[in-house]
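**Student:** this one's structure only:
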């Protein structure tokens, strides 16, 4: 039962982007298309899952004073794995995500979960937390990316949705569109929360 | 174009055209988190400029003279983040010892810099070949760190100045805080797009 609640909390109730507001850099940078969003979400989920598991396993042997560097090394090792795997198997995606794959290391969500959850909970719950938070992160990315791709390119997941007479609002896939879209989405979330 | 000309172009490009925050989406967490008050934004900005310049120089040397000769470039991410974490710790200790006044004003922000993706971002960009296949030398990598840090501080201060005034504005409750900050950043990014037309 605990497993399920730890898993589901990351998706809505404690959504890392909209509620905890962590990891904004990749959210804004790679949400230009749904394709990129899913790629980034999958990479981050993998790192989050693996680092949560390892950190939960070593929590009793890690001296408290140097725990942050230890966590960062664990995370960086998995990021390197993801980076190399993506370069080998999905080179196109690797190229379009570019700098933001190595930057998963400093994604606050991952270190945040390591410190706030995995270092205090057992293996199974940490696993659930990693999956839940990863899914929540991916879902938020997809929501932001859907809006931006639809407005800025008239397509969704690479498929043309709006008729070709639609004049794409280029701003939506450029940097300003990212900020404004996320700003309005967060305002919407706040409004829904107030109504409850 | 002489070396000075190149440095000038690099400065303009890093501060305005390819601004780290508004065009590259790096360092957003401190940009949105520490921009509520002007003086804390200033402290954060100074600390970031310092760490970005030092980190650019050190990681460049590590990559060129340690990772490449041994053929272990895949350890880039791991070694860079450790270098940055150690550097931040070291800087913190030195400032605490030699300039306690500065330490008190920077204090809280120094440890936060380790997870500022602008620092790791500039370190990785410095060792990545440019579009035309060339890559930076030591001087340019260090200067790139310095100018990118200045660009970060510039928009951080601008943002803090606007947000201090925004506190007094009557706006819907759901727009307060983060949402209005993000929309403000969007409008600033739009303004910065004007610089892209610069032909230098």
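**Tutor:** Good, I have the coordinates. Values in this document were obtained by computation on a predicted structure and should not be read as measured data. Residues are numbered from 1 along each chain as shown, chains lettered A, B, ... in the order given.

**Student:** now do the helices in chain A.
**Tutor:** Assigned by DSSP state H, the helices in chain A fall at A:2-9, A:24-30, A:34-58, A:67-89, A:91-97, A:108-113, A:123-153, A:175-195.

**Student:** please produce TSV containing these, extended by mean neighbour count.
**Tutor:** Quick note: C-beta positions are derived from backbone N, CA and C, even for glycine. What follows is the helices of chain A, written out as TSV (neighbours: other Cβ atoms under 10 Å in any protein chain shown):
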stretch	mean neighbour count
helix A:2-9	15
helix A:24-30	26
helix A:34-58	22
helix A:67-89	18
helix A:91-97	15
helix A:108-113	24
helix A:123-153	22
helix A:175-195	19
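
**Student:** which of the ones you listed has the lowest average pLDDT?
**Tutor:** Set side by side, the helices of chain A give their lowest mean pLDDT on helix A:2-9, at a mean of 80.

**Student:** which other helices and strands does it contact?
**Tutor:** Packing partners of helix A:2-9 (3 or more Cβ pairs under 8 Å, 6 or more residues apart in numbering or on different chains; DSSP states H and E): helix A:123-153.

**Student:** the most centrally placed residue in chain B and residue A:108: what is the separation?
**Tutor:** The residue lying closest to the centre of chain B (Cα atoms, centre = their mean) is residue B:149, at 4.0 Å. Look at residue B:149 and residue A:108: by Cβ to Cβ, to the nearest Å, they are 20 Å apart.

**Student:** what's near enough to touch the residue nearest to the centre of chain B?
**Tutor:** For residue B:149, the contact set (Cβ atoms under 8 Å, 6 or more residues apart in numbering or on different chains) comprises B:45, B:48-53, B:118, B:122.

**Student:** helices - which of the residues you listed land there?
**Tutor:** Short answer: the contacts of residue B:149 in helices (DSSP H) are B:45, B:48-53, B:118, B:122.

**Student:** how about the helices in chain B?
**Tutor:** Read by DSSP H, chain B holds these helices, from start to end of the chain: B:3-12, B:28-33, B:38-62, B:68-70, B:76-98, B:100-106, B:109-112, B:117-127, B:138-166, B:178-192.

**Student:** quick check: mean pLDDT across the shortest one?
**Tutor:** The one in question is helix B:68-70. Mean predicted confidence for helix B:68-70 is 90.

**Student:** how about that helix, does it reach chain A?
**Tutor:** No: using Cβ under 8 Å from any Cβ of the partner chain, helix B:68-70 stays clear of chain A, coming no nearer than 15.7 Å.

**Student:** give the buried residues for that helix.
**Tutor:** The neighbour-count check on helix B:68-70 (16 or more other Cβ atoms under 10 Å in any protein chain shown) flags nothing as buried.

**Student:** likewise for the last one?
**Tutor:** Under the neighbour-count criterion of 16+ other Cβ under 10 Å, helix B:178-192 has B:178-186, B:188-190, B:192 buried.

**Student:** need the residues you listed in a markdown table with distance to residue B:111 and pLDDT, can you?
**Tutor:** Output for the buried residues of helix B:178-192, formatted as a markdown table (distance: Cβ to Cβ, whole Å; pLDDT from 0 to 100):
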| residue | distance to residue B:111 | pLDDT |
| --- | --- | --- |
| B:178 | 22 | 84 |
| B:179 | 28 | 88 |
| B:180 | 28 | 88 |
| B:181 | 23 | 88 |
| B:182 | 25 | 90 |
| B:183 | 30 | 91 |
| B:184 | 27 | 90 |
| B:185 | 24 | 90 |
| B:186 | 29 | 91 |
| B:188 | 27 | 90 |
| B:189 | 28 | 89 |
| B:190 | 33 | 89 |
| B:192 | 29 | 87 |
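
**Student:** of all those residues, which comes closest to residue B:132?
**Tutor:** residue B:192 (24.2 Å; Cβ to Cβ).

**Student:** look up how far residue B:16 lies from the residue nearest to that closest one when sequence neighbours are not counted.
**Tutor:** Among residues not flanking residue B:192 along the chain, residue B:22 sits closest, at 4.8 Å (Cβ to Cβ, 6 or more residues apart in numbering or on different chains). Plainly put, residue B:22 is 9 Å away from residue B:16 if you go by Cβ to Cβ.

**Student:** those two: which has the busier surroundings?
**Tutor:** residue B:22 (28 against 18; other Cβ atoms under 10 Å in any protein chain shown).

**Student:** show the pLDDT at the more buried one.
**Tutor:** pLDDT, residue B:22: 87.

**Student:** check the one 5 residues further on too.
**Tutor:** With respect to pLDDT, residue B:27 scores 83.

**Student:** what count of nearby residues applies to it?
**Tutor:** When neighbours are counted by other Cβ under 10 Å, residue B:27 registers 29.

**Student:** residue contacts, it?
**Tutor:** A:25, B:20-21, B:48, B:116-119, B:121, B:152.

**Student:** now for those residues: which two are most distant?
**Tutor:** The span of those, defined through Cβ to Cβ, is set by A:25 and B:48 at 14.4 Å.

**Student:** look up phi and psi at residue B:23.
**Tutor:** Main-chain torsions, residue B:23, degrees, to the nearest 10: phi -110, psi -30.

**Student:** which residues touch it?
**Tutor:** By Cβ under 8 Å, 6+ apart, residue B:23 lies in contact with A:175, B:17, B:189, B:192.

**Student:** reformat these into TSV and put distance to residue A:30 next to each item.
**Tutor:** What follows is the contacts of residue B:23, written out as TSV (distance: Cβ to Cβ, whole Å):
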residue	distance to residue A:30
A:175	12
B:17	21
B:189	16
B:192	20
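
**Student:** and of these, the nearest to residue A:187?
**Tutor:** Residue A:187 has its nearest neighbour among the contacts of residue B:23 in residue B:189, at 17.8 Å by Cβ to Cβ.

**Student:** and residue A:143, how close does it get to chain B?
**Tutor:** Distance, residue A:143 to chain B, using Cβ to the nearest Cβ, to the nearest Å: 15 Å.
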